[in-house]
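Novice: model the structure of this input:
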Amino acid sequence: MFSGESTFLLALLSFFAALEQHVVGAEITLNVSSLVWPPELYSPVIPQKLLNTSSVQHTPAQYPQYTDRTIGKWKWFSSDLWTTGFFPAMLYELNTRRQLCHGSGAGDANTDWVGLGRSWSTAELPLEVKNHVGHDVGFLSYPFVQELLLNPTNETALEAVNAFATDLAARFSPTVGCTRSWDSPDPTLFRVIIDNMMNLEVLFSSYARTGNKTLVDIAVSHADRTLVNHVRPNGSSFHVVEYNATTGEVIGRVTAQGYSDNSTWSRGQAWGIYGFANMFAHTKNMSYLETSRKMATYFLDNLPLDSVVPWCGRYFTPLSFLMVS
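Specialist: Numbering: from 1, shown residues only. All right, here's what the predicted structure looks like:
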């Protein structure tokens with residue numbers, strides 16, 4: 001897997017988990033178990049790659065983040081990073097895929113994906129007490145959120161989810177209406193990135209076990225502000241919106257990882273597509289589903305002919321993406 005593929009794979013596998021909740025709208029109920037899945041979704045290469053990666057153990061624990069561009073080998077990092085939860089969550093999601101999409105022929109029928117997910121998430125537990133990932137505690141929570149779906153009485157997972165949700169909620173500003181993304185030495189600068197839509201899941205997971213409605217209110221407020229200020233009328237998106245922390249006013253719309261302030265960073269667009277679909281799954285607010293669909297339509301309409309997702313797309317040029325390596 002080369003750099004970026006692991007993030008895309010996580011988004012794809014997470015999509016299956018979101019479908020499990022059944023999308024209901026316009027009097028149509030999507031029954032996942034009755035769908036016929038295209039065989040292209042079930043390459044045995046996917047579970048085999050993850051299984052091979054899971055066989056590599058480091059002491060102290062390290063996690064794969066991206067691959068070397070030249071030889072395609074994983075780069076490994078310590079647990080206190082924003083991507084740590086991705087790999088164990090992907091292991092859980094392969095179990096979800098197997099349950100939802102039975103008969104896929106993926107060649108992983110005998111693999112204990114849940115056991116692997118539990119094993120790989122163990123080194124994350126100290127991070128619920130102390131970490132340096134800021135708003136990305138939601139990403140760290142992914143495997144524990146999945147564990148609670150399987151075993152709601154798992155106290156270890158519950159403590160982790162509640163701790164990470166508390167961390168994220170502490171970054172919320174009622175004035176801005178969002179959770180803060182990157183910290184800034186300027187106390188008046190409040191930056192929010194589209195990525196944060198992915199962190200809201202931990203708030204709902206904690207609410208489901210504690211009944212703390214404030215967590216839901218924070219998630220809804222953040223999503224509402226992101227819908228208005230990050231998403232353009234044509235369904236494309238800004239990466240970063242800068243607010244005045246004192247007044248809550250928008251003072252800038254910029255990029256940090258895209259080509260330009262007016263471009264559409266592909267990974268950020270994917271964050272938004274999933275994030276708003278997930279908000280709909282939790283709230284049944286149709287504006288979230290409509291936003292997700294609009295963003296997905298823009299994404300698909302602007303793919304190049306080879307369908308290889310580029311790093312960043314030009315905002316004003318349909319079907320034309322700028323490729324930068």
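Novice: now do the phi/psi pair for residue 110.
Specialist: phi -100, psi 0 (degrees, to the nearest 10).
Novice: for it, give me its contacts.
Specialist: Going by C-beta atoms under 8 Å, 6 or more residues apart in numbering, residue 110 touches no other residue. Where you see a C-beta, it was placed from the backbone N, CA and C, and this is true even at glycine.
Novice: for the one 4 residues further on, same thing?
Specialist: Residue 114 makes contacts with 91, 92, 95, 150, as judged by C-beta under 8 Å, 6+ apart.
Novice: try it again with 7 Å
Specialist: For residue 114, the contact set (C-beta atoms under 7 Å, 6 or more residues apart in numbering) comprises 92, 95, 150.
Novice: and the last one, how far from residue 115?
Specialist: In this structure, residue 150 and residue 115 are 11 Å apart, going by C-beta to C-beta, to the nearest Å.
Novice: between these two, which one's more packed in?
Specialist: residue 150 (15 against 11; other C-beta atoms under 10 Å).
Novice: nearest residue to the more buried one in space, ignoring adjacent ones along the chain?
Specialist: residue 114 (6.5 Å; C-beta to C-beta, 6 or more residues apart in numbering).
Novice: what helix or strand does the one you found sit in?
Specialist: helix 113-121 (DSSP states H and E).
Novice: off-centre distance for that helix?
Specialist: From the chain centre to the centre of helix 113-121 is a distance of 19 Å (C-alpha atoms, centre = their mean, to the nearest Å).
Novice: show me what the next helix or strand after it is packed up against.
Specialist: Using DSSP H and E, the helix or strand that follows helix 113-121 in sequence is helix 137-140. Where contact means 3 or more C-beta pairs under 7 Å, 6 or more residues apart in numbering; DSSP states H and E, helix 137-140 is packed against helix 155-169, helix 201-210.
Novice: repeat that with 6 Å
Specialist: Where contact means 3 or more C-beta pairs under 6 Å, 6 or more residues apart in numbering; DSSP states H and E, helix 137-140 is packed against helix 155-169.
Novice: show residues contacting the helix it packs on.
Specialist: Residues from elsewhere that reach helix 155-169 (C-beta atoms under 6 Å, 6 or more residues apart in numbering): 128, 137-138, 140-141, 144, 147-148, 179, 199, 202-203, 205-206, 209, 215, 218.
Novice: the helix or strand following that helix pairs with which strands?
Specialist: Remark: after helix 155-169, the chain's next helix or strand is strand 172-173, criterion DSSP H and E. With DSSP bridges as the test, strand 172-173 is paired with strand 178-179 (antiparallel).
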